[in-house]
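>>> I would like the atomic coordinates for the input below:
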Amino acid sequence: MPIVAQSTETTDWVSRYADEVIEESERRAPGKPVVVASGLSPSGPIHLGNLREVMTPHLVADEIRRRGYQVRHLISWDDYDRYRKVPEGVPGTDKSWAEHIGKPLTSVPAPAGSAYPNWAEHFKAAMTRSLDELGVEYDGISQTEQYTSGVYREQILFAMKHRGDIDAVLAQYRTKKAPAKKSQKPVDEAELEAAEGSGAASEDDGSSGSAGYFPYKPYCTACQKDLTTVTSYDDESTELAYTCQCGHAETVLLSEFNGGKLVWKVDWPMRWAYEGVIFEPSGVDHSSPGSSFQVGGQIVGIFGGKQPIGPMYAFVGISGMAKMSSSKGGVPTPADALQIMEPQLLRWLYARRRPNQSFKIAFDQEIQRLYDEWDKLVAKVADGSALPADAAAYARAAATAAGDLPRTPRPLPYRTLASVADITAGAEDQTLRILSELDPTQPLASLDDVQPRLDRAEAWISTQVPAESRTVVRETPDAELLGSLDEQGRESLRLLLEGLDEHWSLDGLTHLVYGVPKVQAGFSPDATPKELPSEIKGAQRSFFALLYRLLVSRDTGPRLPTLLLAVGADRVRKLLGA
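Numbering: from 1, shown residues only. Next up is the predicted model:
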């Protein structure tokens, strides 16, 4: 089976795949555009696990474009698939949607209040917006349009004529017991949802009934559902007879009838041959013997085509989900991720890991560390110190072959912006004041200079940080705590207050708050950790905890330098008992 080798080298995986895809394309279809493909089922919210189905071929296609080749990235919207179940947690739906199970997704009503004409279009729209924001260039193909307009008529008639050959391939696997799974074990709800996929992998393959095997399933013209059984078919006349569980029975001419589709294990390889797909990754739900991908590798030859090369991609997990009400059962979508992070960061998470490596997308505090890591990478790329593979991942995240993605002109640290958003609750005047005081030598002229990163940080605070974890600055001094301080505690506050004016910047306050315990212990405020006894760290932690309790009535909070700037010098003096 032509699977691209999964190398453990640290070289850029995208370039290696691009090399193989170009070589394979020139062998199969010289002089024609390179074709890569993805498939998405709009059966519900399309989540971040599904996004890997798109990002893997997108990154490879984009590299091929950068090299000057013509390339088409096809995204097949599997909107002619059957509606399998009512997803949980989708606003505007209830149990009544179960009456549509068995219909094509495009024949199911959209959730109540939707601006879109049907279920499929409702969920396609959110993904389309996200792909545009991510800079993904693609040709979208609606399988409803393909089937109902008769585009695949010849392929359907061919499959019916060669149903014996197709049945023989499928029969090799029907009696085989699947071996124990060797793939990664899903460890959270998002991964379990990703592993389930669209459900197409487990659909009926058209197994032989009393009338024989048929790889085609009509949607009933009476109830619109696929609860049908083909009872006879004549190759010469193309007369097809079927019965439906609703009681309807009908005979149609398949050479004219456009109300059905090939079963999934035949449909997918038919499209590979029809579209000339060179590269398409597949998920873990297609990894076992007898799966759609493996069986398709044999069936595609019946249609005169070849199976695409492509890696098996691993799970995408999620760390932290506070209020993901817009997604099925709390599983985040690309739109949810793009609400709290810039497109470059999300692209980077997919670009820096080989497809067979699982990774997590952070919705909790970990997002701040990821942003710090990203900003360090940007700095290394700028000064030429980044490793080649890291520099390549950055380049693929920051731009496409069409050009740079929109970026924040002055990308202040995400954790700083989040802290300021937490303290100011989004008040623009306060936000501008605080951010301008971070570096008095380069005051911020406008909040536009820190957009869109500021908006993302504010969204993270408002949607992912629980109310009980938000920072609320005290209105009045904690007289009881101030009165209970010993001489050392009072001196630490005096040293801090005396240095406020001189150190009123982010770097200055950082130096000040770390320096106070050093000075109290008889050391220079500039002393390095190597020059200090280990007890100093404990003294610093105690000092920090005291400041937090006096300012926000908690033992922890945003980074103290940022918090002090946000509170303002006058209010700090008041709350610290000056």
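>>> for the rest of this, base every contact and every neighbour count on C-alpha atoms.
Will do.
>>> what's the local residue count around residue 350?
The number of residues packed near residue 350 is 24, by other CA atoms under 10 Å.
>>> from the contact counts, what lies against the helix or strand it falls within?
Per DSSP states H and E: residue 350 is located in helix 343-351. With contacts taken as 3 or more CA pairs under 8 Å, 6 or more residues apart in numbering; DSSP states H and E, helix 343-351 sits against helix 48-66, helix 388-398.
>>> between helix 48-66 and the last one, find me the angle.
Regarding helix 388-398 and helix 48-66, their directions subtend 100 degrees when assessed with axes from the mean of the first three to the mean of the last three CA atoms, to 10 degrees.
>>> so for helix 388-398, what gets flagged as buried?
For helix 388-398, a neighbour-count test (16 or more other CA atoms under 10 Å) marks 389-398 as buried.
>>> and stretch 459-467, by the same measure?
Judged by neighbour count (16+ other CA under 10 Å), stretch 459-467 contains these buried residues: 459-465.
>>> picking up where we left off before, now the helices and strands packed on helix 343-351 as TSV including distance to residue 149?
Formatted as TSV, those follow (distance: least, CA to CA, whole Å):
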stretch	distance to residue 149
helix 48-66	26
helix 388-398	38
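>>> for the ones you listed, which one sits closest to residue 153?
Each of the helices and strands packed on helix 343-351 has some distance to residue 153 by CA to CA; the shortest is helix 48-66, at 27.6 Å.
>>> just the CA trace of the closest one, in CSV.
Coordinates of each C-alpha in helix 48-66 appear next as CSV, following Å, rounded to 0.1, in the frame of the first residue of the first chain:
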residue,chain,number,x,y,z
LEU,A,48,-9.8,20.6,15.5
GLY,A,49,-9.1,16.9,14.9
ASN,A,50,-10.7,17.2,11.5
LEU,A,51,-8.6,20.2,10.7
ARG,A,52,-5.6,18.0,10.5
GLU,A,53,-7.3,16.3,7.5
VAL,A,54,-7.0,19.7,5.8
MET,A,55,-3.8,21.2,7.2
THR,A,56,-1.6,18.2,6.2
PRO,A,57,-2.3,18.4,2.5
HIS,A,58,-2.6,22.2,2.6
LEU,A,59,1.0,22.5,3.9
VAL,A,60,2.3,20.1,1.3
ALA,A,61,0.3,21.8,-1.5
ASP,A,62,1.6,25.2,-0.4
GLU,A,63,5.2,24.0,-0.5
ILE,A,64,4.6,22.7,-4.0
ARG,A,65,3.1,26.1,-5.0
ARG,A,66,6.2,27.8,-3.6
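>>> got a list of contacts for the next helix or strand after that helix?
The helix or strand immediately downstream of helix 48-66 is strand 71-77, counting by DSSP H and E. Applying CA atoms under 8 Å, 6 or more residues apart in numbering, the contact partners of strand 71-77 are 33-42, 54, 57-58, 61, 64-65, 124, 137-143.
>>> mind redoing it with 7 Å?
With CA atoms under 7 Å, 6 or more residues apart in numbering as the test, strand 71-77 has contacts from 33-41, 58, 61, 65, 138-143.
>>> report the angle between the axes of that strand and helix 48-66?
Here strand 71-77 runs at an angle of 160 degrees relative to helix 48-66 (the same axes, to 10 degrees).
>>> quick check: mean pLDDT across strand 71-77?
Average pLDDT, strand 71-77: 98.
>>> sheet-wise, list the partners of it with their directions.
Using DSSP bridges, the strands paired with strand 71-77 are strand 34-40 (parallel), strand 139-142 (parallel).
>>> contacts for the shortest one next, please.
Judged by CA under 7 Å, 6+ apart, the contacts made with strand 139-142 from elsewhere in the structure are 72-79.
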